[in-house]
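Chemist: whatever this is, show me its structure:
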Amino acid sequence: MAAVRLPKTVLPLFDGLAPLQQADGATVAEALVALDARHAGLLDRLCEPGPRLRRHIRVFVDQTPAELATPVGSDSRIDVITAITGG
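Modeler: This next block holds a predicted model:
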């Protein structure tokens, strides 16, 4: 299972959601879908229809920039962060 670190901004939206989760999946998308199965609605907070990551969300796999299709190993670390945007 991959370790998934979630942004603190989504934690209060889901009862019992811890910042560090374990998730199965061969890709980032599959790992996020697995988390959404436990915390319904989480995927909607991170992704737009298509699916694609929301513009203010960045994902890294083992400290390398990643997309939803990026492969994930069983010992990978997925970091989901909220990008600072605005003007």
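Chemist: list the buried residues for stretch 20-40?
Modeler: Neighbour counts over stretch 20-40 (16 or more other Cβ atoms under 10 Å) mark 21, 23, 25, 27-36, 39 as buried. C-betas here are computed from N, CA, C, even on glycine.
Chemist: I misspoke; the intended subject was stretch 48-61.
Modeler: Of the residues in stretch 48-61, those buried (16+ other Cβ under 10 Å) are 53, 57, 59-61.
Chemist: next one: stretch 59-76
Modeler: For stretch 59-76, by 16+ other Cβ under 10 Å, it's 59-61, 66, 68, 70, 72, 76.
Chemist: show me where the chain has helices.
Modeler: 28-38, 42-46 (DSSP state H).
Chemist: just put these in a markdown table and tack on distance to residue 11.
Modeler: Listed next are the helices of the chain as a markdown table, based on distance: least, Cβ to Cβ, whole Å:
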| stretch | distance to residue 11 |
| --- | --- |
| helix 28-38 | 12 |
| helix 42-46 | 10 |
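Chemist: what about the residue lying closest to residue 32 once chain neighbours are set aside, neighbour count?
Modeler: Distance criterion Cβ to Cβ, 6 or more residues apart in numbering; nearest residue to residue 32, sequence neighbours excluded, is residue 43 at 5.6 Å. Using other Cβ atoms under 10 Å, residue 43 has 16 neighbouring residues.
Chemist: and the one 4 residues further on, by the same measure?
Modeler: Here the number of neighbours of residue 47 (other Cβ under 10 Å) works out to 18.
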